[in-house]
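1. here are the coordinates; sequence isn't available:
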């Protein structure tokens, strides 16, 4: 993946201003690269026009895998590999298997979900995240706009729109 | 973002129109017709069973009627008290999202006074036919039918009177529970409607304090009510989580009732403030507590099944090995766990009415089956089953319940217009 290197960033002080700004910036035709904020801003996905995450589907499938795996494993062990009578029940006593099945379903669903999340968001331990502004970990919201991606609009125009949308600062940020 | 809640008509009232009443009464009529049909069939069709009865006790058709009365009494009492309970939870937790539908929850409590009267009357009419422990000979050491186990439990019903006489303690609890539940319901009602008039936060604080007391009382009383009204039918048998199990069954059914009434009001163009976000939250509650119910049902089953102690397994043997009740165990699991779990799993199904309404109706019928399975095997044995009488009685109770609740709802404003958290409810977004 080619990494773009030049960005314009708008710094916002308030989340309501930010949400309005996102609306304004998007309606003026500028594509927003990403918005960073120190805490989850409610409803920001809708403003950014993000599609709903497909993570729940992954979770469901991993859960299903867990259920299948647990039942197969227990049936194989208890009824075929080393049949054993426990508590006077049949070899393949279905109710006995439910607690383990439940646990494995939850385990695989959650681990699978975390794994898929990390892969899909590129959150690997050796990843080097781009920090657009150190203050996003403190008290500022930062909107990053990829210059190359918005070549149709003049740079000065982008900066002006950011300013007028309520940004307290407009900065440039380049990455190696 | 519009933050202004005032452009809604906050003085909207639910108008219980003649057309709606007609639907309710039609259901009531169908129920009554089915009930009569069921009774007639039981009277004229039950002969062969009486002949086959090996034990001394002959079966009478009215025992089945009593059992049905009892199933629906317990079930609809539960739905009603869950309305008040969920209302109190909102205040105790200082929840804001639910403010717009808080009176829908409370309105379920309108059924409580009637439920209390029905419960006591049914108990006195049906006592020997429903409750084995009401027989005096069980406590008489001289009698050949003396039962030392029930004798040991006798004080729980008869204290301070002699065992086998009048169940003072049992009746006392029944009156106490209904008395306090109705008392709390009326208190909440007067506070919340008083808020419409005087405004301010006084009433909110009052309800919050009373809610805390109610929740403590309800925690104890709901559990004991489950032992008294349901578990004591199988007098020898006991289960330590039975109170929770009955509560969870009530809770899911009550949440479904709240959701259905909310959806109904929305379809009439009322409760404008309520949007898919509120409905989504109700859906999540139903989804979550469906799993909670399954967890308790299965915990009760698994421990009994695994430990395999005869005095405990008798409960499930009675049900699972019966031709009549056996299939219903699986119907119960399918209606109350498998289907709601799969149907409500996605976000869209919880946000868009059609699915949710379907699941709510399914759950309300499903938990009736749950109570059917708790009551009938112990009272009717192999003379029970789901027939016209069961369906008829369920429809009668359902219609009467709906009528009482909707009439109660029509008395005041639908939305607590001076509630301090109305704004929060309006802006609720998930």
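-> Everything's here; your move. Predicted model, so just to flag it, every value in this text is computed and none were measured.
2. C-terminal to the helix or strand of chain B with the lowest mean pLDDT, what's the next element?
-> One helix or strand of chain B scores below all others by mean pLDDT, DSSP states H and E: helix B:47-52, with a mean of 50. Downstream of helix B:47-52, the first helix or strand assigned by DSSP states H and E is helix B:61-92.
3. in that next one, what counts as buried?
-> For helix B:61-92, the neighbour count (16 or more other Cβ atoms under 10 Å in any protein chain shown) marks B:61, B:63-92 as buried. C-beta here means a position set from N, CA and C on the backbone, and glycine is covered the same way.
4. what's the answer for stretch A:87-105, then?
-> Of the residues in stretch A:87-105, A:89, A:93, A:96-97, A:101, A:104-105 count as buried by neighbour count, 16+ other Cβ under 10 Å.
5. got it, and stretch B:238-246?
-> B:239, B:241-246.
6. what about it, how long is it end to end?
-> End-to-end distance for stretch B:238-246: 13 Å, by Cα to Cα, to the nearest Å.
7. that one: how far from the chain's middle?
-> Distance of stretch B:238-246 from its chain centroid, counting by Cα atoms, centre = their mean, to the nearest Å, is 15 Å.
8. ok, stretch A:158-165 next?
-> Centroid separation for stretch A:158-165 versus its chain: 28 Å, with Cα atoms, centre = their mean.
9. give the closest residue to the most centrally placed residue in chain B in space, chain neighbours not counted.
-> By Cα atoms, centre = their mean, chain B has its centre lying nearest to residue B:78, at 2.7 Å. Once flanking residues are discounted, residue B:78 sits nearest to residue B:250: 3.2 Å by Cβ to Cβ, 6 or more residues apart in numbering or on different chains.
10. which SSE is that neighbour in?
-> With DSSP H and E as the test, residue B:250 turns up in helix B:242-267.
11. right, and the helix or strand after that helix?
-> Sequence order places helix B:276-307 as the next helix or strand after helix B:242-267, per DSSP H and E.
12. buried ones in that next one, by neighbour count?
-> Residues B:276, B:278-283, B:285-287, B:289-290, B:293-298, B:300-301, B:304-305 are the ones in helix B:276-307 that count as buried (16+ other Cβ under 10 Å).
13. and residue A:117, helix, strand or coil?
-> helix (DSSP: H, G, I helix; E, B strand; the rest coil).
14. repeat for residue B:416
-> Secondary structure, three-state DSSP: residue B:416 is coil.
15. I'd like the distance between it and chain A.
-> Using Cβ to the nearest Cβ, to the nearest Å, one obtains 24 Å as the distance from residue B:416 to chain A.
16. that residue: what's it in contact with?
-> B:99, B:102-103, B:192, B:195-196, B:422 (Cβ atoms under 8 Å, 6 or more residues apart in numbering or on different chains).
17. dump the residues you listed to JSON lines, plus distance to chain A and pLDDT.
-> Shown next, in JSON lines, are those (distance: Cβ to the nearest Cβ, whole Å; pLDDT from 0 to 100):
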{"residue": "B:99", "distance to chain A": "18", "pLDDT": "94"}
{"residue": "B:102", "distance to chain A": "22", "pLDDT": "95"}
{"residue": "B:103", "distance to chain A": "27", "pLDDT": "95"}
{"residue": "B:192", "distance to chain A": "28", "pLDDT": "95"}
{"residue": "B:195", "distance to chain A": "28", "pLDDT": "95"}
{"residue": "B:196", "distance to chain A": "30", "pLDDT": "93"}
{"residue": "B:422", "distance to chain A": "19", "pLDDT": "92"}
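18. of those residues, closest to residue B:271?
-> For the contacts of residue B:416, the minimum distance to residue B:271 (Cβ to Cβ) is 9.6 Å, reached by residue B:103.
19. surely that closest one and residue B:417 touch.
-> No - using Cβ atoms under 8 Å, residue B:103 is not in contact with residue B:417, being 10.7 Å away.
20. so between those two, which is more surrounded?
-> Neighbour count, other Cβ atoms under 10 Å in any protein chain shown: between residue B:103 and residue B:417, residue B:103 has more, with 23 against 17.
21. show me what contacts that one?
-> Taking Cβ under 8 Å, 6+ apart, we find residue B:103 in contact with B:192, B:409, B:412-416.
22. nearest to chain A among those residues?
-> When the contacts of residue B:103 are ranked by distance to chain A (Cβ to the nearest Cβ), residue B:415 comes first, at 23.2 Å.
23. quick one: contacts for that closest one?
-> B:8, B:10, B:12, B:99-100, B:103, B:271, B:273, B:422.
24. and for residue A:6, the neighbour number?
-> Using other Cβ under 10 Å, residue A:6 is surrounded by 14 other residues.
25. that one against residue A:172, yeah?
-> Yes - Residue A:6 lies in contact with residue A:172 (Cβ under 8 Å); the separation is 7.2 Å.
26. mind checking pLDDT for the residue located most distally from the centre of chain A?
-> In chain A, the residue that sits farthest from the middle, by Cα atoms, centre = their mean, is residue A:88; the gap is 48.9 Å. What the model reports as pLDDT for residue A:88 is 86.
27. try the one 5 residues further on
-> What the model reports for residue A:93 is a pLDDT of 90.
28. phi and psi next, for it.
-> phi -80, psi 100 (degrees, to the nearest 10).
29. how close does it sit to chain B?
-> Residue A:93 is 9 Å from chain B, by Cβ to the nearest Cβ.
30. who's in contact with that residue?
-> Taking Cβ under 8 Å, 6+ apart as the criterion, residue A:93 is in contact with A:78, A:86.
31. where along chain A do the strands fall?
-> For chain A, strands defined by DSSP state E occupy the ranges A:6-12, A:34-36, A:141-146, A:169-174.
32. and the contacts of the longest one?
-> Here strand A:6-12 makes contact (Cβ under 8 Å, 6+ apart) with A:18, A:21, A:25, A:33, A:132-133, A:135, A:140-148, A:155, A:158-159, A:162-163, A:165-175.
33. and the stretch 301-430 of chain B, which residues reach chain A?
-> Proximity of the stretch 301-430 of chain B to chain A, by Cβ under 8 Å from any Cβ of the partner chain, involves residues B:301-302, B:305-306, B:308, B:345-347, B:429.
34. what is the nearest of these to residue B:362?
-> Set against residue B:362, the nearest of these by Cβ to Cβ is residue B:345 (14.5 Å).
35. was I right to think the residue farthest from the centre of chain A contacts residue B:308?
-> Yes - the pair residue A:88 / residue B:308 is scored as a contact, 6.3 Å apart, by Cβ under 8 Å.
36. in contact with the residue in the stretch 51-200 of chain B that chain A sits nearest to, which residues?
-> The stretch 51-200 of chain B approaches chain A most closely through residue B:97 (12.7 Å), counting by Cβ to the nearest Cβ. Listed by Cβ under 8 Å, 6+ apart, the contact partners of residue B:97 are B:277-278, B:281, B:424-425, B:428.
37. show me what contacts residue B:96?
-> Here residue B:96 is in contact with B:421, B:424-425, B:428 (Cβ under 8 Å, 6+ apart).
38. among those residues, which are located in strands?
-> Among the contacts of residue B:96, no member lies in strands (by DSSP E).
39. who wins for neighbours among the residues you listed?
-> residue B:425 (23 neighbours).
40. for it, which non-adjacent residue is closest in space?
-> Nearest one to residue B:425, counting by Cβ to Cβ, 6+ apart, is residue B:99 at 3.7 Å.
41. neighbours around that neighbour, how many?
-> Residues lying near residue B:99 (other Cβ under 10 Å) number 22.
42. helix or strand for residue B:408, which one?
-> Using DSSP H and E, residue B:408 falls in helix B:388-409.
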